[in-house]
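> Here you go, sequence then predicted model.
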Amino acid sequence: MTSPAAAPARPGRSAVDAISDNFVRRFAAASPIVATEQGIPGFDDKLDDLSPAGLAETNELIEATVAELMATEATGERDELSKAIILERLELQRDGYRTGWSHAALNMIESPLQRIRMVFDLMPTDTSEALESYAARMRAVPGALRGYQASLLLAAQRGQVAAVRQIDRCVQQCATYAGQNDEPGFFSGAVHALPADGQLATELATAASAADAAYADLGEFLRKELRPFAPARDAVGAQRYSLASREFLGATIDLRETYDWGWQEFLAIESELQKVAERIAPGAGLRGAATRLDADPTYRLQGLDGLQAWMQNLSDRAVDDLGRTQFDIPEPIRSLECRIAPPGAGVGAYYTPPNEDFSRPGRMWWSVEAGKNEFTTWRETTVVYHEGVPGHHLQLATAVFQRDQLNQYQRLLANTSGHAEGWALYAERLVREAGYLTDDGDLLGMLDSQLFRAARVVLDIGMHLELPIPTGAGFHEGKAWTPELGLEFLMTRTLGDPVHCRDEIDRYLGWPGQAASYKVGERIWLQGRDAARRRHGHSFDEKAFHTAALNLGGMGLDMLERELARL
């Protein structure tokens, strides 16, 4: 494939580092979306070629890089680790292509449908050059979506297609993005607020209209051409689940053992949660405690502006306080922006990392239910810690910051969901251990967050493998999991609101393996810290342990487990 010229190895850089940096450079050209997501300049005016030919070309790059790495000798332990990390990730991408599932990528939360739209959230719009790139990328939306349709149709003809549930949710998202729900389309609405006039304003408006229409066309394609191929059954079975789980974990796990462990975690957290609820509202149960907190004006926020200001304030305080007492936080990492996400995505918070020079800071985004205008802080406090500091922002921005220690692949592309989400869930515990959740309302919210993540292990594996509900669960014991039972379980055994619970079930069923990665990853982080404490005894320094662990950058859980055992 055509690509930028290979960069010469820098002084002190190994052959593995040179292969890494050259792959990132070429991969950025093949995937401008990834380039913008990771802050790699030069590609903001383009989108990925998602057609079968485009996917084949990207796979050729991956196959060639795997072969090159296999033929290259690593020099030293750090180089061995880097080589192993890159090979594990690239071989998994290769396997996804070879099995055909790369062509079939479609779900309601994280697939090309959403990423094409969401990449515009990360683009600068403060100069005429930036606006020209914005317009050019919008002009590329119709072609990118047509290529995507071709790959989806090819996969469907081979029997690989998302379930009806996912297609129907994606049709709804296309309608929102296209402006078919009594609101402006995303692109038309976005350019209306941009600082452009004259010919540039005309170009932006024309490109926006075409991009909105392209999403309308995609919705029609999904409904009319893809849906007839779609299975009604949501469960993907053990074989496909295992492959998907490897993508998110960087490890192969015993699914039945993990399912049983998830139940143990759920029941233990539920017991503690009930005790806290009893202190808040004696005799009223979990829902009664939640109702009392929801009615308490101490915990209530009004409007999206109020939510944004509150999350920014709490995030800023966390960076300042924890950066003085618990963690070493370099100055560039201390900047974290909190924003309300554009409509159309699933409900919840997410994080996007800074670019390489930190001119674009890390950002915490909150996606809220349409029309919702009142929020409760007791439910959301731990989410700010999870997405910000000491969670995703501290971890992912630290990796970006490690220019002198990690090659480009390690800093930008090596992360796994198990590593990142596991750390963020582990970080929630660290905040509690540091004394920041002494209020019973905030503690109830944190424990419910932990309970929800344990429920994800049970439901994600249980629904996709259609496992039986065990004796002692106190819930339809002996029955095999179904989506309907999954929704009932979340609605009755956690404090999730109905909209969020429905979103969660759809998410698990369309993204097998991801939901379980939070608790599975946290398990490795906790075991690693406990083992280090035993090794070092009274000399164990938790701050130094966390600094060393975060400086390693992203990797799969098998490698993380080995590396934590060295600290």
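Sure, I can see it. Given the structure is predicted, the values throughout are model-derived calculations rather than measurements. Numbering: from 1, shown residues only.
> how close does residue 209 sit to residue 349?
Using C-beta to C-beta, to the nearest Å, residue 209 is found at 31 Å from residue 349. Where you see a C-beta, it was placed from the backbone N, CA and C, and this is true even at glycine.
> The two: which is more packed in?
Taking neighbours as other C-beta atoms under 10 Å, residue 209 and residue 349 compare with residue 349 leading, 19 against 16.
> Can you verify that one is assigned to a helix?
No. Per DSSP: H, G, I helix; E, B strand; the rest coil, residue 349 lies outside any helix segment and is strand.
> wait, isn't it in contact with residue 383?
Yes. Using C-beta atoms under 8 Å, residue 349 is in contact with residue 383, at 5.1 Å.
> How about the secondary structure of residue 41?
Under the three-state scheme (three-state DSSP), residue 41 adopts coil.
> any idea how far it is from residue 360?
Relative to residue 360, residue 41 is positioned 10 Å away (C-beta to C-beta).
> Neighbour count for these two, which is higher?
Set residue 41 next to residue 360 and count neighbours by other C-beta under 10 Å: residue 360 wins out with 18 against 12.
> Report all helices and strands that the helix or strand bottoming out on mean pLDDT in the chain contacts.
Lowest on mean pLDDT, DSSP states H and E among the helices and strands of the chain sits strand 348-352, with a mean of 90. Here strand 348-352 touches strand 362-367, helix 377-387, helix 392-401, going by 3 or more C-beta pairs under 8 Å, 6 or more residues apart in numbering; DSSP states H and E.
> Now do the helix or strand containing residue 34: everything it contacts.
Taking DSSP states H and E as the criterion, residue 34 maps to helix 32-37. Contact with helix 32-37 is made by 27-29, 40-48, 115-116, 119, 122-123, 137, 352-353, 413, as judged by C-beta atoms under 8 Å, 6 or more residues apart in numbering.
> And stretch 410-422, by the same measure?
When contacts are defined by C-beta under 8 Å, 6+ apart, stretch 410-422 is touched by residues 20, 24, 27, 34, 38, 40, 82, 85-86, 89, 247-251, 356, 392, 395-396, 399-400, 402-403, 514, 517-525, 553-557, 560.
> Mind checking which of these land in helices?
Counting by DSSP state H, the contacts of stretch 410-422 place 20, 24, 27, 34, 82, 85-86, 89, 247-249, 392, 395-396, 399-400, 517-525, 557, 560 in helices.
> per the record, what domains does the chain have?
According to automatic domain parsing, the chain is divided into the following domains: 15-234, 245-518.
> got a markdown table for those, with distance to residue 531 too?
Formatted as a markdown table, those follow (distance: least, C-beta to C-beta, whole Å):
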| stretch | distance to residue 531 |
| --- | --- |
| domain 15-234 | 19 |
| domain 245-518 | 14 |
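> Next, the residues that contact whichever helix or strand residue 214 is part of from outside, please.
Using DSSP H and E, residue 214 sits within helix 198-221. For helix 198-221, contacts defined as C-beta under 8 Å, 6+ apart pick out 113, 117, 128, 131-132, 134-136, 138-139, 141-142, 145-146, 148-149, 152, 170-171, 174-175, 177-180, 185-188, 190-191, 194, 196.
> Please compute how far it lies from its chain's middle.
27 Å (C-alpha atoms, centre = their mean, to the nearest Å).
> What are the buried residues along it?
With burial defined by 16 or more other C-beta atoms under 10 Å, the residues of helix 198-221 counted as buried are 200-201, 203-205, 207-209, 211-219, 221.
> Same check on stretch 66-85?
For stretch 66-85, a neighbour-count test (16+ other C-beta under 10 Å) marks 66, 69, 74, 78, 79, 81, 82, 83, 84, 85 as buried.
> That one: end-to-end distance?
12 Å (C-alpha to C-alpha, to the nearest Å).
> Against residue 110, how distant is residue 297?
In terms of C-beta to C-beta, residue 297 sits 36 Å off from residue 110.
> re the thing from before, filter the contacts of stretch 410-422 down to the buried ones, ChimeraX style.
Per 16+ other C-beta under 10 Å, the buried members of the contacts of stretch 410-422 correspond to this ChimeraX selection:
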select :20,24,27,34,38,40,82,85,86,89,247,248,249,250,251,356,392,395,396,399,400,402,514,517,518,519,520,521,522,523,524,525,553,554,555,556,557,560
